[in-house]
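>>> Starting from these lines, generate the structure:
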Amino acid sequence: MARLPLSARRGRRNTTFLNLTTSIMFVYYYVWFMFALAYRRKCWQIERRIIIRELRGENLYRLIGESDDMCISQLCMDRRTFHILCEKENYIMF
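Residues are numbered from 1 along each chain as shown. Below you'll find the model as predicted:
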């Protein structure tokens with residue numbers, strides 16, 4: 001059985017090495033891409049929480065800041081009682 005010349009063997013080894021390095025680089029970039037997507041998703045969630053918190057603050061101010069009638073109709077208590085309740089809740093939480 002005849003053996004392949006050395007140049008043919010090196011070519012096969014080079015293509016195998018090239019395929020292996022290409023695969024490793026592909027996996028490396030894929031992993032970094034996934035990390036980037038996870039980071040971006042986390043940033044979107046944080047931004048969404050900030051927006052929701054601002055909207056809650058605006059709605060709460062609209063309920064208790066405009067008039068006592070609005071506060072009584074929505075919360076069934078006047079503004080002074082609501083502030084006392086909030087202070088007690090903060091005292092219990094901390």
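>>> Beyond whatever helix or strand residue 51 lives in, next helix or strand please.
For residue 51, the host element (DSSP states H and E) is helix 6-65. Next helix or strand after helix 6-65 toward the C-terminus (DSSP H and E): helix 68-75.
>>> what helices or strands is that next one leaning on?
Packing partners of helix 68-75 (3 or more Cβ pairs under 8 Å, 6 or more residues apart in numbering; DSSP states H and E): helix 6-65, helix 79-93. The way it works is simple: take the backbone N, C-alpha and C, and place the C-beta from them, glycine included.
>>> quick one: which of the ones you listed is nearest residue 72?
When the helices and strands packed on helix 68-75 are compared by Cβ to Cβ, helix 79-93 sits nearest residue 72, at 8.7 Å.
>>> quick one, the closest one and helix 68-75 angle?
50 degrees (axes from the mean of the first three to the mean of the last three Cα atoms, to 10 degrees).
>>> outside of helix 79-93, which residues touch it?
Contact with helix 79-93 is made by 64, 68, 71, 75, 77, as judged by Cβ atoms under 8 Å, 6 or more residues apart in numbering.
>>> Likewise for stretch 41-55?
The contact list for stretch 41-55, computed with Cβ under 8 Å, 6+ apart, is empty.
>>> That one - what's its average pLDDT?
Confidence for stretch 41-55, expressed as mean pLDDT, is 93.
>>> picking up where we left off before, okay, the angle between the helix holding residue 51 and helix 79-93?
Computed by the same axes, to 10 degrees, the angle between helix 6-65 and helix 79-93 is 140 degrees.
>>> Show me how far helix 6-65 is from its chain's centre.
Centroid displacement of helix 6-65 relative to its chain, using Cα atoms, centre = their mean, to the nearest Å, is 11 Å.
>>> Where in this protein is the helix or strand with the lowest mean pLDDT?
helix 79-93 (a mean of 78; mean pLDDT, DSSP states H and E).
>>> re earlier: could I get the helices and strands packed on helix 68-75 as JSON lines with mean neighbour count?
Shown next, in JSON lines, are the helices and strands packed on helix 68-75 (neighbours: other Cβ atoms under 10 Å):
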{"stretch": "helix 6-65", "mean neighbour count": "10"}
{"stretch": "helix 79-93", "mean neighbour count": "11"}
